[in-house]
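K.L.:
Sequence below, structure please.
(4 chains)
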Amino acid sequence: MGKNLKVGAIMISILAVIVFIGPLIAPYDPYQVNMSVKLQGVSASHIMGTDQLGRDLFSRLIYATGTSVKISLIVVIVSMIIGFVFGSIAAFIGGAVDEFLMRIIDVFMAFPTKIFTIAIAGILGASAINITIALIITSWASYARMVRGCVLTAKELPFIDASIALGANRGYTIIRHVLPSVFQPLSTFAFQRIAHTMMAIVGLSFIGLGVQPPTPELGAMINESKNFMTTAPHLFIFPGLLISYVVFSFNILDDSLRDYWDPRIKSELVL
Amino acid sequence: MNLKLKKILCFSMTALMMVGFVGCSNVGASTKTAQTELKIAYGKDTGAVSEKGNGDMLLTIFAGERLVEVVDGEVVPSIAESWEVKDAENCISFKIKKGLKFSDGTDLTAKEVKLKFDRNIALKSFQWTELDRIDKIEIPDDNTINFYYKDGMDGYVALAGFAEYGNTIVGSNSFQTPGDPTTPMVEFIGSGPWKVEEYVKDQYTTFVPNENYIGEAVKLEKVTVNMIKDDEARVLAIQAGDVDAIVDYYHGGSAYTPRNLLSTLKEEGFQILKQEMPMTTVLAFNYTNNEAWKNIKLRQAMNYAINKDEIAGLFDGWISPANDAYFSDCSPFTTALGKQSYKYDPEKAKSLLAECGLEGFSPKMLVNSENIDEVKMAELLQSMLKESGINLQLDVMDATKFAEAKKGADWDVYSYYIGGPERRIYSRNEGRFDKSTPEFGASGCYTSESIVTAVQSAVDPFDENERKKGFKEFYAAIDAEAACVPLYYDAVFVVANEGVKGIEFVGTEPVFDNVTYKK
Amino acid sequence: MKKEKLLEVEQLNIKFTTSIGDVNVSDDINFSLNKGETFCIVGESGCGKSVVALSLTRLLPENAIIKGSIKFEGFNISELEEKEFSEIRGRKIATIFEQPMSCINPVMRIGDQIAETYRANFNCSRKEAKQQALKKLEEVKLPANRYNSYPHELSGGMQQRVMIAIALACNPQLLIADEPTTSLDVTVQYQILELLQELKEKYNMTILMITHDMGVVHDMADRIGVMYAGNMMEIADRDEFFQRPLHPYAVELLNVVRDPCIYTIPGTVPNLMEWVPGCPFEPRCKRSTEACKINKPKNIVMGERIVRCLNVVPN
Amino acid sequence: MIKYIFRRLLYLIPVLILTSFLAYMLVYLSPSSPAQIILQARYAGEPTQEQIVEFNEEYGFDQSILVQYTTWLKNAMQGDLGKSLTDGSDVLEDFIYSFKASAKLYFSSQLLALIIALPIGVYSAFKANSIFDRISRTYSLVGISIPDFWLGMLLVYIFSIGLNLLPSFGYATPKNIILPMLALGLSSSFSLIRIVRTSVLEVLHLNYIRTARSKGLSENQIMMKHALRNAMIPIVTVMGIHLTHFIGGAVAVESMFAWPGLGNFFAKAAGSQDIPVIQGFVLLSAVFFIFANLIIDIICKQLDPRIDYQNEGGKNNG
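P.N.:
Have a look, this model is predicted:
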């Protein structure tokens, strides 16, 4: 466990540095065009080369990573909140409300996520905000279903009845006992979703339905680089490596955390 | 289960190996042999089967003819051998050549000619033509067709409109109900040098020689036009040897070979053929919804603030910057002005802005995300305009949203074009600047009375010299008014394998009638 | 009459390596089984009795380290290669486990599971195996039409019968029964024990039974071994044991059985991860002395009886 | 069994109705009216009021939403999902055409993924914590972090641009499928390796494996007869869910290789706001998705006798 967790933690810390203080260390303005140095390869002044407009790729990548990661975090957090609210309402109130909410959740989950996301993003129009909305619309239902399940299980636990029977306030019991037992699986689930969401965002941006220029974004940058695969391969290689880095750091951390909870199937990686 | 699993495993291994063999068997010796077939990559579907459309430009040029054509800015005979303007310019009468046949062997007479115009009028598809003003169409005999106008024919531009792609003449069997032009077009039967042999929507169209064509027969036995939507994919296709040539969209402006890949292709030994068009990409202002743009100083400031050479730099030197007013020297009617009124000067732009009281001006630019060059150019403009203290905001969106947003007031500039393929220069220029034409967009290039007068004097006269003079006036007028910011002159490119010989440009359209190919 | 020994276990030490340290679950255990007898190992939960049982046929997880010698029919099987060893498993030594539901493959028909054992150990046709399986079903008193049932379609008692049928498919000489009745209802327990007894007599089988239930021990055992915290505290004949337990722990154990409502053994089972120099039962022992804390007791052999204690309960 | 399927189908009816309603309502997410969007696309200029009215009548947009919806649903049940607004082609035909293209690519790539993942995953689980296991775990964890379209680009860079061996895009010849199949297949294999490994490992820790060992079965027999068969249940479920993902799941790869599959087609339609295509595709893919899940459930039922017929409720996964 130890090594993987350490590697994951280090990778995530580096990522956090890139995302939150990266703009301070970026050597160039990511929007600054300089046509005299366009499409240059790796050099001392531009450590990852320059793009079609002579912008520094390294600086752009720093900003682009920020964009992708921030959107994934927003999507995950907002869906988690929506899912939590609806899931717990369904579970606590129960009856017709539960039935109604569950049918709605069923419907949302009956759509293949990607088709649904593309449809919404396409109809709303491609932009960073709309892709965030589209991803939230398509992902809240799974959180809600999960929260509902957890709350129902927690409600059944003997100590809940016991504490109510012993005269504890019902509301207090829920806050003190039921909710904590939801948070652990919910946060684990949400953490797993970060990498997935990140992949969805870069994929949608790659097909032009996501973040739009001039905002730098990793998937969109790869899309733009398609023209230059022969002449300037660094334009697609670096953003791709960066996506893999980000997703890998979330995956390895998630993996080692899961091993931590379930040591039966744990095993170390070769790193 | 065990057994089943084994079976599946064996099967899949075999399948994988077979795939592998197919993949590796791509080695062939090459000697230079004459090819009878040419494969072209093209970014649009040819639309040979269409409910309401008329077919794509390439299709209409390959397999169709119109009453007249426009070459070097002049209307020349085609299906019609002559024409006459009568009744105080209220009627135009075309004499149709005798003995013409469609590719399916049926006769081409005035009756068939009328079909297409009936269709366009019924379906209200009369962009860039004057068909909306037509009162009635008469066919006194097999070789005559008369068009009567409601309130007079609109000069030369109306005549040139008959050369529009949409007015390509097709046979009566083209329609689902033969002879009923309001029914969907189920086959493209034209009278051009080629005929459509096979059409698979969004995949390919094959053309073979039309044996009923009365002109000189084409040389190749077959041309396959592969529809490849992605610009980069077409380039990869020719590099991989899947196609022999790439042709830009005949209209220009979209679905073209990425300009910054042309140098690479040239280095790799492909021929690059270029034909400049009388089409200028400009930065247009939202003056109809946005009062500020009615101030000429602001329009001039924008002109001074943009360095066109740098924009042309986006295209790796393959496209010329629009330094010399509006159109390049590609047609007798589009001769350049010979002066550069607004040389790049950020200081001047700044002072003009100050005069307008617009320091820290922050205009919003609409950008169509489907055109990558447009996006790149917008990003370049954003960075460039900073020098003049203009803080350009970009709003990038897909084509539909773009079209929608254009109508609103919440934007300032966008990338637009004036002119077009040669057969369209009359109607397009009139449509862009004359508010009284149906094509006139609510927003676009700034226009004024002097510009409207000038454009009329350019597109109306039947006399060639008067038109030439008119065009000069027209350019001078839009230049003086700083109606928009000309950015670069567009061009049509054909990229072809070394062995492809005989690609010609008629007007601004690539033609493959005389092409031979040795591989 | 000299009793013939079927299984002899000597100096058996078992250790588990885990990420938080090593756990000693068997400390120099010695015992032997006579042919045809039922030997019961009894002890509280977590004393290591199941581990000892499973170690005999190498069914422990990979992190178990086993030392010592195990002789089966006078032949040291602890040094056998894995491949040779699998010929003993099932064929000569069979095992039945507690919680039969989880120990039978849920997606395989029960008949096939019985037949599979036979086929794995004897080279025979499917048909023969099926015949054998049907015969075994009959022996464990399940109707033949249950051959095609899936485990989840059976009750717990029936599942344990299936388990027994699987184990006895090859008529093994030694049957290791690891808590065979623990998860069953009392009435069903009785039926299963009766069945085991019946089959034992029929095939002259030797049974090593692991249990924490003194009632079961009393009904089934010929001889008894008492385990505590990885140590075999006492080995004795059933009658002698119940009449006169020698080890203080055994005494306590019997007291609990006789008067379960009143009597408990004070203290808790020790943590096996903590190494103690003396006797592991010392903290709970009524007879403990200072010496018990320092010295590990040695086995005291008294004829057939063996006791591991410094202060054996006097007569 | 029939009863079970019938019950499931009955349960699906409300879900299908709500789904279709949601699919239809997608059009109202759009800030502009369908007439505006479509006429704009059809004619270059601004549509006149007359054209808009005429259009609304022709497509029934002048009626109330519920009437529009029921008309649409009625037509949809008869296989008429309307026509594409951009080119007038039949939506159902378009769907079937791109469905076939997608299926071809997706099934071949999943087969490839299975061929790669099954032996690696099983061996990895069997030799848990060995060097092989560690390498394969690292390999698959790195693999699932690579976007499939980027993997596709790398393949194009190597095999099309570098070695000039394979076509980089297109659909026409059998060779065209190789690179997109590799990109998708490899991508799926990474996650599949993990699933296979976990499933097998979970099974290997179960008591009945110990029983199997105690019966004297060899390791191979244990693996094939007991471990794999049981581990196949979660694997098949996940594979099934993967398969239903071919609707849209491969959109980036399809777009990368200009493969005329569902995702590619749909993304284009969504980009141009081709409302009937969007509605039709969303509905058809949801229907397909729902029924595919039902079929997976039935297959799992075949594999796993423990699943109770009486239990209803489907497995869902986005």
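K.L.:
tally of neighbours for B:Met57?
P.N.:
Neighbourhood size, B:Met57 [other CB atoms under 10 Å in any protein chain shown]: 24. All C-beta atoms are positioned from the backbone trio N, CA, C, and that covers glycine.
K.L.:
Residue 146: neighbour count?
P.N.:
Let's take chain A. Neighbours of A:Met146 under the rule other CB under 10 Å: 19.
K.L.:
meant chain B, my bad for not saying
P.N.:
When counting by other CB under 10 Å, one arrives at 17 neighbours for B:Asn146.
K.L.:
Please report how far the residue of the stretch 151-300 of chain C found nearest chain A lies from chain D.
P.N.:
Residue nearest to chain A within the stretch 151-300 of chain C: C:Met273 (16.3 Å; CB to the nearest CB). As judged by CB to the nearest CB, to the nearest Å, C:Met273 and chain D stand 22 Å apart.
K.L.:
Report whether that residue is found in a helix, as I expect.
P.N.:
No: counting by DSSP: H, G, I helix; E, B strand; the rest coil, C:Met273 is not part of a helix but coil.
K.L.:
Let me see the confidence value for it.
P.N.:
Looking at C:Met273, its pLDDT reads 73.
K.L.:
now do B:Ile503
P.N.:
B:Ile503 is given a pLDDT of 94.
K.L.:
What about it? Give its phi and psi, please.
P.N.:
Dihedral pair for B:Ile503: phi -70, psi 130, per degrees, to the nearest 10.
K.L.:
thinking the residue of the stretch 151-300 of chain C closest to chain A is in contact with C:Val25, fair?
P.N.:
No: counting by CB atoms under 8 Å, C:Met273 does not reach C:Val25; the two are 10.3 Å apart.
K.L.:
low-scoring pLDDT stretches of chain C, where are they?
P.N.:
Where chain C drops to pLDDT under 70, the residues are C:1-2, C:315.
K.L.:
Quick one: name the residues of it near chain D.
P.N.:
Those residues of chain C that sit near chain D, judged by CB under 8 Å from any CB of the partner chain, are C:54, C:57, C:59, C:83, C:86-91, C:94-95, C:97, C:99, C:102-108, C:116-117, C:120-121, C:150, C:152, C:163, C:166-167, C:169-170.
K.L.:
Now list the buried members of those residues.
P.N.:
Listed as buried from the residues of chain C next to chain D are C:54, C:57, C:59, C:86, C:88-91, C:94-95, C:97, C:99, C:102-108, C:116-117, C:120-121, C:150, C:163, C:166-167, C:169-170; burial here means 16 or more other CB atoms under 10 Å in any protein chain shown.
K.L.:
picking up where we left off before, between C:Met273 and C:Val25, tell me which one has more neighbours.
P.N.:
C:Val25 (24 against 12).
K.L.:
Name all residues that make contact with that one.
P.N.:
C:14-16, C:48, C:51-52, C:230, C:272 (CB atoms under 8 Å, 6 or more residues apart in numbering or on different chains).
K.L.:
Got phi/psi on it?
P.N.:
Torsion angles, degrees, to the nearest 10, at C:Val25: phi -110, psi -10.
K.L.:
Once you drop chain neighbours, what's closest to it?
P.N.:
C:Gly48 (4.0 Å; CB to CB, 6 or more residues apart in numbering or on different chains).
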